[in-house]
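Chemist: Quick check, what structure comes out for this input:
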Amino acid sequence: MKVFVTGGAGYIGSHTLVQLLAAGHEVCVFDNFANSSPVALDRVRQLTNRDMGLVQADIRDADALCDAVTTFAPDAVVHFAGLKAVGESSDLPLLYYQTNVSGTMNLLAAMDAAGCTRIVFSSSATVYGEAHYLPFDEDHPIAPTNPYGRTKAMAEGIIGDWAKATSDASAVLLRYFNPVGAHESGRIGEDPQGIPNNLMPYVAQVAVGRRASLQIFGDDYDTRDGTGERDYIHVVDLAAAHLAAIECAASTSGCEAVNVGTGQGVTVRELVAAYERASGRPIATNVVARRSGDVASSYAATTKAARLLNWRAAFNIDDMCATSWRWQSTNVDGYGAGETQ
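Modeler: From the prediction side, this is the model:
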């Protein structure tokens with residue numbers, strides 16, 4: 001199958017490329033490298049011993065996107081490209097709507113021009129907002145609490161409307177929980193720019209000596225140890241979910257939202273302890289006040305993924321931390337400075 005991948009050089013995109021190429025698919029990557037590195041693509045080529053097409057351009061450039069899609073003529077599209085920092089989305093909402101919403105509309109128009117009717121969309125559990133109940137299932141009300149979440153919810157709605165209006169269209173909206181970890185080789189992994197927005201890459205940078213300590217935002221939540229509880233999913237499991245979603249889209253029609261998580265919550269202190277086991281190093285922490293908008297617990301109902309995609313998470317938190325440490329310890333500065341050993 002020919003698969004067009006927007007944002008393919010990013011954290012989740014690069015791990016998905018490994019699985020797509022290993023499965024024998026022909027791939028074209030569309031990426032502007034705003035929050036990724038071409039080094040990741042070089043390492044994917046090395047890991048798979050296969051090449052891929054590449055178009056370096058911005059998804060907001062409708063003409064460049066349409067040219068790329070029509071030239072490649074894909075059987076399916078995987079849409080990762082977008083901005084994803086919750087805090088930044090509040091400071092730069094127009095940029096987020098232009099990229100995540102208008103960019104998605106540009107992509108769908110390009111797919112129409114190329115006659116492509118299958119898409120797998122990189123969405124997020126942030127579309128749910130505050131929990132009315134747990135675990136979150138796909139029927140939970142959609143009520144995002146920040147611009148980033150609203151852009152994902154809007155893009156989902158646009159894709160759903162497009163699928164209804166397009167003959168034989170098939171769309172799978174994958175609602176990620178908290179992707180972490182790295183490829184087992186340690187060659188590709190998460191390389192956030194600036195201060196990490198997510199917990200595990202921050203912990204990894206503390207472990208490797210790039211940061212002094214981890215701030216724990218509140219230890220008085222109604223959880224096992226008072227710290228916030230989240231559903232962490234290994235990025236390799238997440239990549240496998242995309243492969244399963246492409247296969248699902250190839251044999252079905254309509255639009256389906258699917259949670260991608262383990263269904264198990266892990267607290268901040270539990271994650272820190274697991275990372276200490278993986279790295280063999282102490283992780284310095286200090287407790288500070290809760291952050292506005294943080295919730296006590298968030299984890300996924302995963303029965304739909306098992307039923308519709310025949311997919312289940314295979315890795316646990318120790319696997320996630322071990323692979324994250326392998327990546328971080330051999331790539332102290334991410335892709336910027338290469339491996340240290």
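Chemist: burial measure for the nearest residue to residue 22 once chain neighbours are set aside, as a count.
Modeler: Nearest residue to residue 22, sequence neighbours excluded (C-beta to C-beta, 6 or more residues apart in numbering): residue 48, at 5.7 Å. Every C-beta, even on glycine, is put in place using the N, C-alpha and C of the backbone. By the criterion of other C-beta atoms under 10 Å, residue 48 has 17 neighbours.
Chemist: Now do residue 48 against residue 19, distance only.
Modeler: According to C-beta to C-beta, to the nearest Å, residue 48 and residue 19 sit 9 Å apart.
Chemist: ditto for residue 264
Modeler: 23 Å.
Chemist: quick one, helices of this structure?
Modeler: Using DSSP state H, the helices of the chain run over residues 11-22, 38-48, 62-72, 86-91, 93-96, 103-114, 147-165, 199-207, 235-251, 268-279, 303-304, 317-330.
Chemist: I'd like to know which of the ones you listed is closest to residue 181.
Modeler: Closest approach to residue 181 among the helices of the chain (C-beta to C-beta): helix 317-330, 3.9 Å.
Chemist: Residue 13: neighbour count?
Modeler: Residue 13 has 26 nearby residues by other C-beta under 10 Å.
Chemist: can you tell me which residues contact it?
Modeler: Going by C-beta atoms under 8 Å, 6 or more residues apart in numbering, residue 13 touches 5, 7, 29, 31, 36, 78, 80.
Chemist: among these, which are in strands?
Modeler: Members of those lying in strands (criterion: DSSP state E): 5, 29, 31, 78.
Chemist: now the residues you listed: which count as buried?
Modeler: Of the members of the ones in strands among the contacts of residue 13, the ones counted as buried by neighbours, 16 or more other C-beta atoms under 10 Å, are 5, 29, 31, 78.
Chemist: So the third one is in contact with residue 17, correct?
Modeler: No - in this structure, residue 31 is not within contact of residue 17 by C-beta atoms under 8 Å, at 10.6 Å.
Chemist: Could you list everything residue 288 pairs with in the sheet?
Modeler: Assessed by DSSP bridges, residue 288 has beta-bridge partners residue 217.
Chemist: Relative to residue 44, how far out is it?
Modeler: Residue 288 sits 38 Å away from residue 44, going by C-beta to C-beta.
Chemist: Between the two, which is the more surrounded one?
Modeler: Taking neighbours as other C-beta under 10 Å, residue 288 and residue 44 compare with residue 44 leading, 27 against 11.
Chemist: Now do residue 232 against residue 308, distance only.
Modeler: Separation of residue 232 from residue 308 (C-beta to C-beta): 22 Å.
Chemist: who's more crowded, those two?
Modeler: Applying other C-beta under 10 Å to residue 232 and residue 308 shows that residue 232 carries more neighbours, namely 27 against 16.
Chemist: Quick one: residues contacting the more buried one.
Modeler: Counting by C-beta under 8 Å, 6+ apart, residue 232 has contacts 177-180, 200, 262, 266, 271, 317, 320.
Chemist: Please produce TSV containing those, extended by pLDDT, distance to residue 135 and neighbour count.
Modeler: TSV is the format used below for these (pLDDT from 0 to 100; distance: C-beta to C-beta, whole Å; neighbours: other C-beta atoms under 10 Å):
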residue	pLDDT	distance to residue 135	neighbour count
177	97	10	26
178	96	14	22
179	97	17	24
180	98	18	29
200	96	21	25
262	98	10	23
266	98	14	24
271	98	18	25
317	98	17	22
320	98	19	28
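Chemist: Tell me the one of the residues you listed nearest residue 84?
Modeler: Distance ranking of those against residue 84, using C-beta to C-beta, places residue 179 first at 10.4 Å.
Chemist: Quick check, that closest one in contact with residue 14.
Modeler: No - the pair residue 179 / residue 14 is not scored as a contact, 11.9 Å apart, by C-beta under 8 Å.
Chemist: circling back: taking the buried ones among the ones in strands among the contacts of residue 13, tell me the two that lie furthest apart.
Modeler: 31 and 78 (12.1 Å).
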